[in-house]
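[1] Pasting the sequence and the predicted coordinates here, then a few questions.
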Amino acid sequence: MGTHPIEELLPRKTDQILQLALDAYSSSIDEVVNFGTHIILWDYKKKRDGKDNHIPTLFLRNIIEIGDSISILIKSSSIDPSKILIRSLLENFFQLLYMLEKDEKERAQCFMIYKAVNDLKYYKKFISSDPSSKGLFSKLEKDQSDFDITNLLDRDDFIKAIESKSSILKKPEFKDVYEEYLRTKKIGNGRNPNWYSLYDGPKNIEQLSTHLRRVYYYEFFYRSFSQNVHISDLFKGLALVGIDKAQMIQIRDFEDCHTVFIATNKILLALFIEYVQKRIPERNQEFRFWFNSFYPEYDKLVQKGQIKYKK
């Protein structure tokens, strides 16, 4: 319809000097993401038996996609939204490192069981004969009485999904892991445990980061960016301009772009080092060649420090 934004609140045109810096940060992340696609291909092509052997590859693919999304946001100076993605990036990072740490096959199966159980819980809500559907009906009636859920009930694709997920839980190769899942759930008073909590593993992301000796990433990136996820940093949108006076800060504020850039690449590079070493060590020389050629330029951007620019 051609509506123009309030320029002071949402500037669509970025200052040229600032854009050059944002482009440099974005391009640096792009280079890491691009190389990550080669790691995915190397790993995928390696001959391995069993679906569980591709779980780490799928984790890596998800991490690469998140990194790519952060690059796009940085280029557009959408820095605060990218912090939310870094939290997601770190959750994937910690979980994948834990899976690669040891007993990879067993831990991949733990994830598969966890995923199957949670998917079943969701799909069964849309089966009219299942008790959980009554609870969903009741909630929707109180929330939106005009919403007709009958179109979603007993769908063929949901029924097939339930059959597929149920078959995983019945497979002999998953028997021990599923029993461990049920044991861990019982200890937790019936609450569904995280997959990495099985076999007396860490109970949450903080404990997971401590177990992996990656507390730095948790404290300086995950915890510090949590305010953007939980809305506790809502007042960041205001800046004091005098006693009892404040003004609204522009959307697409570039503050913290340097920190977000460093955090993204730091997480991706740390993961690549572990991943290549654990999953495809025969590609380590190729990885090191790329890393040694990439790192000097990356380090120059890091050492330049925060952008000095007056808004």
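    Thanks, I have the structure now.

[2] quick one: low-confidence parts of the protein?
    Within the chain, the segments meeting pLDDT under 70 span 7-9, 12, 51-52, 144-147, 226-253, 305-311.

[3] longest helix in it, by residue count?
    Taking DSSP state H as the criterion, the chain has its longest helix at helix 16-45.

[4] Which strands or helices does that helix pack on?
    If contacts are counted by 3 or more CB pairs under 8 Å, 6 or more residues apart in numbering; DSSP states H and E, helix 16-45 sits against helix 55-75, helix 257-279, helix 284-304. Yep, even glycine has a C-beta here, placed from its N, CA and C like the rest.

[5] Counting neighbours, which bits of stretch 66-79 end up buried?
    By 16 or more other CB atoms under 10 Å, the buried positions in stretch 66-79 come out as 66-71, 73-79.

[6] likewise stretch 265-285?
    Buried-residue list, stretch 265-285, by 16+ other CB under 10 Å: 265-269, 271-272, 275-276, 278-280, 283.

[7] any idea which of the residues you listed is the one closest to residue 169?
    Residue 169 lies nearest to residue 279 out of these, by CB to CB, at 26.9 Å.

[8] That closest one contacts residue 96, correct?
    No: the criterion here is CB atoms under 8 Å, and residue 279 misses it with residue 96 at 10.1 Å.

[9] Residues in contact with both of the two, list them for me.
    With contacts defined as CB atoms under 8 Å, 6 or more residues apart in numbering, the residues shared by residue 279 and residue 96 are residue 56.

[10] Helix, strand, or coil at the residue positioned nearest the centre of the chain?
    The centre of the chain sits closest to residue 88, judged by CA atoms, centre = their mean, with a distance of 2.7 Å. Assigned by DSSP: H, G, I helix; E, B strand; the rest coil, the conformation of residue 88 is helix.

[11] What of the one 5 residues further on?
    At residue 93, secondary structure determined by three-state DSSP is helix.

[12] surely it meets residue 64?
    No: under the criterion of CB under 8 Å, residue 93 makes no contact with residue 64, lying 11.6 Å away.

[13] more neighbours, the two?
    Comparing residue 93 with residue 64 by other CB atoms under 10 Å, the one with more neighbours is residue 93, at 25 against 22.

[14] Kindly provide the distance from that one to residue 266.
    Counting by CB to CB, to the nearest Å, the gap from residue 93 to residue 266 is 10 Å.

[15] Please enumerate the shared neighbours of these two.
    With CB under 8 Å, 6+ apart, residue 93 and residue 266 have common neighbours residue 217.

[16] which residues sit in contact with the residue nearest to residue 204 when sequence neighbours are not counted?
    Closest residue to residue 204 in three dimensions, ignoring its sequence neighbours and counting by CB to CB, 6 or more residues apart in numbering: residue 194, at 7.1 Å. Under the criterion of CB under 8 Å, 6+ apart, the neighbours of residue 194 are 114, 202, 203, 204.

[17] wait, the first one sits on residue 195?
    Which is residue 114. Yes: with contacts counted by CB under 8 Å, residue 114 reaches residue 195, the gap being 3.5 Å.

[18] Which one of the two is surrounded by more residues?
    Looking at residue 114 and residue 195 with other CB under 10 Å, you find the greater number of neighbours at residue 195, namely 24 against 20.

[19] Tell me where the stretch 151-300 of the chain has helices.
    156-170, 175-187, 205-211, 215-217, 226-230, 257-279, 284-304 (DSSP state H, counting those that start in this stretch).

[20] Dump the contacts of residue 194 to a markdown table, plus distance to residue 2.
    Conversion of the contacts of residue 194 to a markdown table gives the following (distance: CB to CB, whole Å):
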| residue | distance to residue 2 |
| --- | --- |
| 114 | 49 |
| 202 | 53 |
| 203 | 53 |
| 204 | 48 |
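
[21] Just the buried residues out of those residues, in PyMOL syntax.
    One line in PyMOL is enough to select the buried members of those, burial here meaning 16+ other CB under 10 Å:
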select buried, resi 114+202
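
[22] Just name the closest of the contacts of residue 194 to residue 256, please.
    Of all those, the one sitting nearest residue 256 is residue 204; the distance, using CB to CB, is 25.6 Å.

[23] Tell me the spacing between the closest one and residue 192.
    Counting by CB to CB, the separation of residue 204 from residue 192 is 13 Å.

[24] on that earlier part again, out of the contacts of residue 194, which is nearest to residue 44?
    Using CB to CB, residue 114 is the member of those that lies nearest residue 44, at 22.7 Å.

[25] what sits up against stretch 110-126?
    With CB under 8 Å, 6+ apart as the criterion, stretch 110-126 contacts 51-52, 55, 95, 99, 130, 132-133, 135-136, 149, 152-155, 158, 161-162, 165-166, 168-169, 174, 177-178, 180-181, 192-196, 198-199.
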